[in-house]
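Trainee: everything below, folded, please.
(3 chains)
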Amino acid sequence: MVPPLVFLPPEFFDREADVVARALLGVTLRHERDDGVVSGRIVETEAYLGPHDPASHSAAGRTARTWHMFGPPGTAYVYFIYGMHWCLNAVTREDGYGAAVLIRGIEPMEGLPRMRARRPKARRDRVLCDGPGKLTAALGVDRRCDGWSLTGGSALSLVQGDAVPDAEVLVTPRIGISKAVDWPLRFVWSAHSRAV
DNA sequence: ACGCGGATGGCCT
DNA sequence: GGCCATCCGCGTA
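Mentor: Numbers count the residues shown, from 1 in each chain, chains lettered A, B, ... in the order given. Coordinates of the predicted model:
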């Protein structure tokens, strides 16, 4: 028997983004499609705290692009970046606030052959999902998922996992941003991530 | 191992 | 016109 899937409820996400970012380590991100299930355990995240956080997309206000970042807790916010890549966030705090957690890395679990097919340039499984644009490609996540619920009401969901001890969590500044560059809002599950 | 620059397109000034 | 919450390939070591 396979244990039932326990989806993270909306209340899980109705907290500050840094708290949720830390708590998402070890959680399974799961995409269920016609051709099968693809999933992985979250090993790296970043928190974007809200309109007062200069590095946050919500700092520029609610536009068509950032619309779903202001949605209810547990919403998927998916955006297009550098003309090529999709990035997946989980919205945190209350409806209308504008905070989110960027999923930066997962450890592949189910559907390895499908991930490899969607990431033909990855020569080794170690680099299949070790970046925000890589994991969305491997999972088949794109603009269609923008605004979906991650709490069990859609094909894309977050499933409860075993707790990750503090001793295995690394906290660092965020990557690839130009504002608030030293805020310690990046969380890495060191035992399962190649990233420093 | 590490650093650099090109790819590529939507959105804001 | 410039800026991106990135990735990849190629150069040097």
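Trainee: and the closest residue to DNA strand B within chain A, what pLDDT?
Mentor: Per C-beta to the nearest atom of the strand, A:G83 is where chain A lies closest to DNA strand B, at 2.9 Å. For glycine as for every other residue, the C-beta is placed from the backbone atoms N, C-alpha and C. Per-residue pLDDT puts A:G83 at 97.
Trainee: the longest strand in chain A is where?
Mentor: When chain A is parsed with DSSP state E, its longest strand is strand A:36-48.
Trainee: for the next helix-or-strand element following that one, which strands pair with it and how are they oriented?
Mentor: Using DSSP states H and E, the next helix or strand after strand A:36-48 towards the C-terminus is strand A:76-81. When pairs are called by DSSP bridges, strand A:76-81 turns out to pair with strand A:85-92 (antiparallel).
Trainee: tell me the buried residues in the strand it pairs with?
Mentor: A:86-92 (16 or more other C-beta atoms under 10 Å).
Trainee: could you list which of those residues also contact DNA strand C?
Mentor: Among the buried residues of strand A:85-92, the ones lying near DNA strand C by C-beta under 7 Å from any atom of the strand are A:87, A:89.
Trainee: now render the buried residues of strand A:85-92 as CSV, adding distance to DNA strand B.
Mentor: Converted to CSV, the buried residues of strand A:85-92 look like this (distance: C-beta to the nearest atom of the strand, whole Å):
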residue, distance to DNA strand B
A:W86, 11
A:C87, 12
A:L88, 17
A:N89, 16
A:A90, 21
A:V91, 18
A:T92, 22
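Trainee: near DNA strand B, which residues of chain A are found?
Mentor: A:60, A:63-65, A:80-84.
Trainee: check contacts around the closest residue to A:H192 other than its chain neighbours.
Mentor: Among residues not flanking A:H192 along the chain, A:V43 sits closest, at 4.6 Å (C-beta to C-beta, 6 or more residues apart in numbering). With contacts defined as C-beta atoms under 8 Å, 6 or more residues apart in numbering, A:V43 is in contact with A:25, A:105-107, A:188-189, A:192-193, A:195.
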